[in-house]
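In: Turn this into a model:
(chains A and B)
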Protein chains: 2
Amino acid sequence: MDQTLLMLPGPTNVSNRVLQAISKNVVNHRSVIFGEILTETSELMSKMFKTNNQSYLLTGSGTAAMEASIANILNPNDKVLNVIGGKFGERLRDITKAFGGKSIEFNVEWGDCVKPEDVKKALEDNEDIKFVTVVHNETSTGVTTPIKEIGDVMRDYDALYVVDTVSSLGGDHVDVDRYGIDICFTGSQKCLAAPPGMAAITVSDDGWKVIDKVDSNTYYLNLKKYRDSGAGTPPETPYTPSVTLIYGLCEALKIIDEEGLDARIKKHKIAAKATREAVKALGLTLFPKEEVSSSTVTAINMPNGVSDSELRGTMRNEYKVELAGGQDHLKGNVFRIGHMGNTTYKELAITFSALEMTLKKLNFDINLGVGVAEVNRAFI
Amino acid sequence: MDQTLLMLPGPTNVSNRVLQAISKNVVNHRSVIFGEILTETSELMSKMFKTNNQSYLLTGSGTAAMEASIANILNPNDKVLNVIGGKFGERLRDITKAFGGKSIEFNVEWGDCVKPEDVKKALEDNEDIKFVTVVHNETSTGVTTPIKEIGDVMRDYDALYVVDTVSSLGGDHVDVDRYGIDICFTGSQKCLAAPPGMAAITVSDDGWKVIDKVDSNTYYLNLKKYRDSGAGTPPETPYTPSVTLIYGLCEALKIIDEEGLDARIKKHKIAAKATREAVKALGLTLFPKEEVSSSTVTAINMPNGVSDSELRGTMRNEYKVELAGGQDHLKGNVFRIGHMGNTTYKELAITFSALEMTLKKLNFDINLGVGVAEVNRAFI
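Out: Numbers count the residues shown, from 1 in each chain, chains lettered A, B, ... in the order given. Below is the predicted model:
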């Protein structure tokens, strides 16, 4: 199998401990033994979300959770404020519209983030907003949104607060109950460092009140069914879940819990700083404003005179390090380094060694070692 | 991990070869190497479906595929003929209704199957049926439906032919192109013997014509997006797929391909006959009419004076063999033995040894060995 180092904003490198967990025997998903695994995994998820509410595991991609977060609380023509600063903000708008919602877009320039007072103004300007969607960590631009401060604003309004933490949970501060988040969701393959294919979602009491009044727009992702099955004896999922991936997610969450969530977040912030400093030392420039840059993925402007396939292709083919490209109109204009999940100085030392050699090969005038030096400086 | 033998109608026992495949390193889902794996897996799926059409892999349960099969071809108020003879037929009706379809139910007594002439009559009696849903193998009752003969009827009508082969593909004859099936789908954890969490779907040209005219009722399972991403270079899925489960599904399909699909189906039919004969030799009775009984799961009436928890509990706790109970109104009234996937005489010899000991413990007057003898007779 391919031994390329994944420095993507998901899927991230999965530890051997997790890979061993997913290769255990499949058990009956309607048995007491699986009910215990489901309970343990859900409880660990709630601990990661920092919520007293129940978490539910969805067999699907992060996009399944995005759909679940909207399709269960939306009636046709409901007004929704979609905060958009990248591809995933757009996706939440697209899902809102797909189910007949009236999307009020608040667009932020890609590379910048929304200000809490902008959300306040939009809520003042538009009556009857049913819910607000915010992407905590916009993977496409490498930008973090101040979800705590937006939560402070949201407290004065009835609108539900829906937050996408697909690429931040476990790598940046997410405190669902304290921030007043009503619906929060994440994916397995980002900072949690489990294999892709699972998502998780948690809902506040206010969220459930709305869900109970809405005729769900989805059958497979109808959260009422997840609640009912989850409350059974033994607890179950409504449909056959991805048993082996739940083993893996459970193990990945145990690893984070043993490490300590706060220590894990701190490690992500150091890795992010290391990456930014190394990038700058090599004469490259960050795509987002540095003060709003992400703790889990760094977006970098493609240097002049180099194509995406030259830069990322050399990284991949010569040096076996896989970086992400730009998405949509950023395709070819940026490249992205994911530093999520299990990333330590080791992976970043490899990545910047590879990047330095790549730039040298592409005739850039750089001093070998200066990128890696910044990585080391950040991690001392 | 639990070493209980799973004799369920899914999830089924997964081979070590497949378990090893899923524990390989996760690769970038948007890379050339993964595109090759996706292509190989999709092509093997089409070979299993016996279709020249493309197959698409969905990250989700079989129910996700059920939703995809309907939500992409249904406009509100479209008339749909749902053939129902058990829980999964009901689920296709529920999904039809959930998306605003006008369901015309053709109900068959649980334990029996629909006759092709009944489908013909329903199509004659009701104009403008847009599509017909049929469950090939009704897991809840252990009944097989004659999908070839219904396909012959369907040829005279414009309605699309939607067939659920979740618990039959790889264990009974499914010949999508020859039977004229427009939309066919399956799950990973049944006869294919991969872990749960993946589904696959294939669509005919006529099916795509309808899909192209319908505004999909689902975002996550919008098949147009799967078609677009699948046609890319490299081929991709629209959202991050379950990479490790695709490794597993690919390996499971290779195993079937090496064994030969027809040989595999024959093995299932022998296992089904062995199970039925052993059941009868023990003085138990089949729930469905024998002539329509399934090749992949056998439903058995609960013997008088015994509770489900006594029978299945003893099997599980004393003898480490997990059988399935009845669903909905059959709960407590039937139990089910799955003989799907990798089942050989070995698993059935264990299962009937355990069942004989269980019945003896519960004071049934049986001759030890008579069930296992029938298993051996069938497999000689």
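In: remind me, longest helix of chain A?
Out: Scanning chain A for the helix with the most residues, using DSSP state H, yields helix A:261-281.
In: hmm, who's touching that one?
Out: With CB atoms under 8 Å, 6 or more residues apart in numbering or on different chains as the test, helix A:261-281 has contacts from A:47-48, A:170-173, A:191, A:256, A:285-286, A:290, A:293-296, A:298, A:300, A:337, A:339-340, A:343-345, A:348, A:352, A:370-375, A:377-379. For the C-beta atoms, the positions are set from N, CA and C on the backbone; glycine is no exception.
In: okay, and for chain A, where does confidence drop off?
Out: A:1-2 (pLDDT under 70).
In: got the contact list for the residue nearest to A:L92 when sequence neighbours are not counted?
Out: In space, A:L92 comes closest to A:T133 once its chain neighbours are excluded; the distance is 4.3 Å by CB to CB, 6 or more residues apart in numbering or on different chains. The contact partners of A:T133, taken as CB under 8 Å, 6+ apart, are A:69-70, A:80-83, A:89, A:92-93, A:96, A:162-164.
In: and which of the residues you listed is nearest A:K361?
Out: Among these, A:G89 lies closest to A:K361 (CB to CB), at 36.2 Å.
In: Count the neighbours of that closest one for me.
Out: 27 (other CB atoms under 10 Å in any protein chain shown).
In: That one against A:V83, yeah?
Out: Yes - counting by CB atoms under 8 Å, A:G89 sits close enough to A:V83 to count as a contact (6.1 Å).
In: anything in contact with each of these two?
Out: Common neighbours of A:G89 and A:V83 (CB under 8 Å, 6+ apart) are A:T133, A:V134, A:V135.
In: Secondary structure added to the residues you listed, as JSON lines?
Out: As requested, these are exported to JSON lines (DSSP: H, G, I helix; E, B strand; the rest coil):
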{"residue": "A:T133", "secondary structure": "strand"}
{"residue": "A:V134", "secondary structure": "strand"}
{"residue": "A:V135", "secondary structure": "strand"}
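In: Show me which residues of the stretch 151-300 of chain A sit near chain B.
Out: Counting by CB under 8 Å from any CB of the partner chain, the residues of the stretch 151-300 of chain A close to chain B are A:187, A:189, A:195-198, A:216-221, A:238-245, A:248.
In: Among these, which are located in strands?
Out: Using DSSP state E, the subset of those located in strands is A:G187, A:M198.
In: one step back: buried sites along the longest helix of chain A?
Out: Buried residues in helix A:261-281, counted by 16 or more other CB atoms under 10 Å in any protein chain shown: A:261, A:264-265, A:267-281.
In: Likewise for stretch A:214-233?
Out: A:214, A:216-223, A:225-227, A:229-230.
In: what's the first-to-last distance across that stretch?
Out: 26 Å (CA to CA, to the nearest Å).
In: Please compute how far it lies from its chain's middle.
Out: Between the centre of stretch A:214-233 and the centre of its chain there are 23 Å (CA atoms, centre = their mean, to the nearest Å).
In: Show me the strands in chain A, by range?
Out: Under DSSP E, chain A gives strands at A:5-6, A:55-59, A:79-84, A:102-107, A:129-135, A:137-138, A:143-144, A:160-164, A:183-187, A:198-203, A:297-301, A:321-322, A:324-325, A:334-338.
In: Also compute the angle for the last one relative to helix A:261-281, please.
Out: In this case it means strand A:334-338. Angle of strand A:334-338 versus helix A:261-281, following axes from the mean of the first three to the mean of the last three CA atoms, to 10 degrees, is 150 degrees.
In: repeat for the fourth one
Out: Interaxial angle, strand A:102-107 versus helix A:261-281 (the same axes, to 10 degrees): 50 degrees.
In: Direction included, what does strand A:102-107 pair against?
Out: strand A:79-84 (parallel) (DSSP bridges).
In: Touching the partner strand from outside, list them.
Out: Against strand A:79-84 from outside (CB under 8 Å, 6+ apart): A:70, A:74, A:89-90, A:92-93, A:96, A:101-108, A:114, A:119, A:122-123, A:126-135, A:145, A:159.
In: Name the residues linked to the closest residue to A:M45 other than its chain neighbours by a beta bridge.
Out: Once flanking residues are discounted, A:M45 sits nearest to A:S55: 3.7 Å by CB to CB, 6+ apart. According to DSSP bridges, the partner residues bridging A:S55 are A:T202.
In: got the contact list for A:D128?
Out: By CB under 8 Å, 6+ apart, the contact list for A:D128 reads A:K79.
In: Quick check: A:W208 vs chain B, distance?
Out: Between A:W208 and chain B the computed distance is 20 Å (CB to the nearest CB, to the nearest Å).
In: same deal with A:E149?
Out: 29 Å.
In: Equivalent analysis for A:S15, please.
Out: Distance of A:S15 to chain B, computed by CB to the nearest CB: 11 Å.
In: I'd say that residue and A:T344 touch.
Out: No - the criterion here is CB under 8 Å, and A:S15 misses it with A:T344 at 11.6 Å.
In: higher neighbour count, the two?
Out: Legend: neighbour count by other CB under 10 Å for A:S15 and A:T344, higher for A:S15 (17 against 12).
In: Identify the residues contacting the more buried one.
Out: A:A193, A:A252, A:I255, A:N342.
In: let's see 6 Å
Out: A:N342 (CB atoms under 6 Å, 6 or more residues apart in numbering or on different chains).
In: Ok, A:C191 next?
Out: By CB under 6 Å, 6+ apart, the contact set of A:C191 is A:G170, A:G171, A:T296, A:M340, A:G341.
In: Torsion angles phi and psi at it?
Out: Here is the backbone geometry of A:C191 (degrees, to the nearest 10): phi -70, psi -20.
In: Tell me the spacing between it and A:I22.
Out: Counting by CB to CB, to the nearest Å, the gap from A:C191 to A:I22 is 18 Å.
In: Over to A:F34?
Out: In terms of CB to CB, A:F34 sits 14 Å off from A:I22.
In: Endpoints of stretch A:102-115, how far apart?
Out: Stretch A:102-115 has an end-to-end distance of 22 Å (CA to CA).
In: I figured A:G248 hits A:P195, correct?
Out: Yes - at 5.5 Å, A:G248 counts as touching A:P195 under the criterion of CB atoms under 6 Å.
In: And for A:R178, the neighbour number?
Out: 12.
In: distance of it from chain B?
Out: The gap separating A:R178 from chain B is 29 Å, by CB to the nearest CB.
In: do A:A159 as well
Out: In terms of CB to the nearest CB, A:A159 sits 22 Å off from chain B.
In: Look up the closest residue to that residue, ignoring the ones flanking it.
Out: Ranked by CB to CB, 6+ apart and with sequence neighbours excluded, the top spatial neighbour of A:A159 is A:I129, at 4.5 Å.
In: so how far is chain B from the most centrally placed residue in chain A?
Out: Chain A has A:S167 as the residue nearest its centroid, 1.4 Å off, counting by CA atoms, centre = their mean. A:S167 sits 11 Å away from chain B, going by CB to the nearest CB.
In: Was I right to think that residue contacts A:L192?
Out: No - with contact defined as CB under 6 Å, A:S167 does not count as touching A:L192 (10.3 Å).
In: give me every residue that touches the nearest residue to A:E67 once chain neighbours are set aside.
Out: In space, A:E67 comes closest to B:Y220 once its chain neighbours are excluded; the distance is 4.6 Å by CB to CB, 6+ apart. Taking CB under 6 Å, 6+ apart, we find B:Y220 in contact with A:T63, A:A64, A:E67.
In: wait, the first one sits on B:Y239?
Out: This means A:T63. Yes - if you go by CB under 6 Å, A:T63 and B:Y239 touch, sitting 4.1 Å apart.
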